[in-house]
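J.: Following is a predicted model, sequence given first.
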Amino acid sequence: MLEAKDMAVVRGERVVFAGLSFRVAPGEALLLTGPNGAGKSTLLRALAGLVPLAEGEMLWAGEDALAEPAEHAARLRYLAHAEALKPSLTVAENLRFWASRWGGDIGAALEAVALAPLAELPARMLSAGQKRRLALARLALAPCALWLLDEPSVGLDTASVARFGDLLARHRAAGGAVLAATHVPLPLPGARELRLEPAA
Ligand SMILES: Nc1ncnc2c1ncn2[C@@H]1O[C@H](COP(=O)(O)OP(=O)(O)OP(=O)(O)O)[C@@H](O)[C@H]1O
């Protein structure tokens, strides 16, 4: 599905990582681990096509993944560290915005993260964990091949982590792949680990 070959990213004057190669198959999960500053978020952004590669390539089904940027964007969901919510819109309106792009059932997505009772509340009134759940609800909207998740479980309570585990399991069972940067265990049974170290 996705293959990184000898990838390097440079930010400013600094090589963030270099010589990075890995593959992710349908249904697989890869945990990106490593200390602060190792380049996990930068790698996710590069895989999302948001940061240019200084070297190497990213292949999708054997072809240059970035040859058609719009096609690449359509096959992935990138959840950044920050929530990317519109604070003055309600919970449901935030999801409606994303559903207008990707399609999907807003009610089912809200149920998946147990936010249905708060659907009409402005997003700015949500707690930190509820904001994170609203961000995760985007994943539940419509199927796509690849989820790129940056510390997705930060702020979630135990029940929310379990629901997130269900969401991940459904995605993988449908052939979806997951790459997740994390400092804590995630509900991703059988995930492989790719450990990054800060470049010298
Ligand atoms: N736009 C940028 N310009 C210059 N340096 C950058 C830029 N973006 C990231 N970096 C640097 O790249 C390195 C990797 O940062 P990144 O955010 O990818 O690390 P991380 O592994 O996700 O860290 P954390 O665990 O703290 O989230 C850091 O040293 C950071 O300062």
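T.: Yes, it's here.
J.: Output the below-cut-off pLDDT ranges for the chain.
T.: Scanning the chain with the threshold set as pLDDT under 70 gives 200.
J.: and it, which residues reach the ligand?
T.: Within the chain, the positions near the ligand by Cβ under 6 Å from any ligand atom are 11-12, 14, 16, 34, 36-42, 181. In this view, the C-beta of every residue, glycine as well, is placed from N, C-alpha and C.
J.: among those, which are in helices?
T.: Residues of those located in helices (DSSP state H): 40-42.
J.: circling back to that earlier point, would you list the residues of the chain next to the ligand in CSV and tack on neighbour count?
T.: CSV is the format used below for the residues of the chain next to the ligand (neighbours: other Cβ atoms under 10 Å):
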residue, neighbour count
11, 12
12, 5
14, 10
16, 23
34, 18
36, 7
37, 13
38, 19
39, 25
40, 27
41, 17
42, 19
181, 25
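J.: Show me which of the residues you listed is closest to residue 87.
T.: Nearest to residue 87 out of the residues of the chain next to the ligand is residue 41 (Cβ to Cβ; 22.6 Å).
J.: can you map out the strands along this structure?
T.: 2-11, 14-24, 29-33, 55-60, 63-64, 76-79, 146-150, 177-181, 192-195 (DSSP state E).
J.: Give me the buried positions along the first one.
T.: Of the residues in strand 2-11, those scored as buried under the neighbour-count criterion (16 or more other Cβ atoms under 10 Å) are 2-4, 7-10.
J.: thinking again about what came up before, would a markdown table of the ones in helices among the residues of the chain next to the ligand with distance to residue 91 be doable?
T.: As requested, those are exported to a markdown table (distance: Cβ to Cβ, whole Å):
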| residue | distance to residue 91 |
| --- | --- |
| 40 | 29 |
| 41 | 26 |
| 42 | 30 |
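J.: nearest to residue 127, of those residues?
T.: residue 41 (23.5 Å).
J.: Let me see the contact set for residue 196.
T.: Neighbour list for residue 196: 17, 20, 32-34, 38-40, 43 [criterion: Cβ atoms under 8 Å, 6 or more residues apart in numbering].
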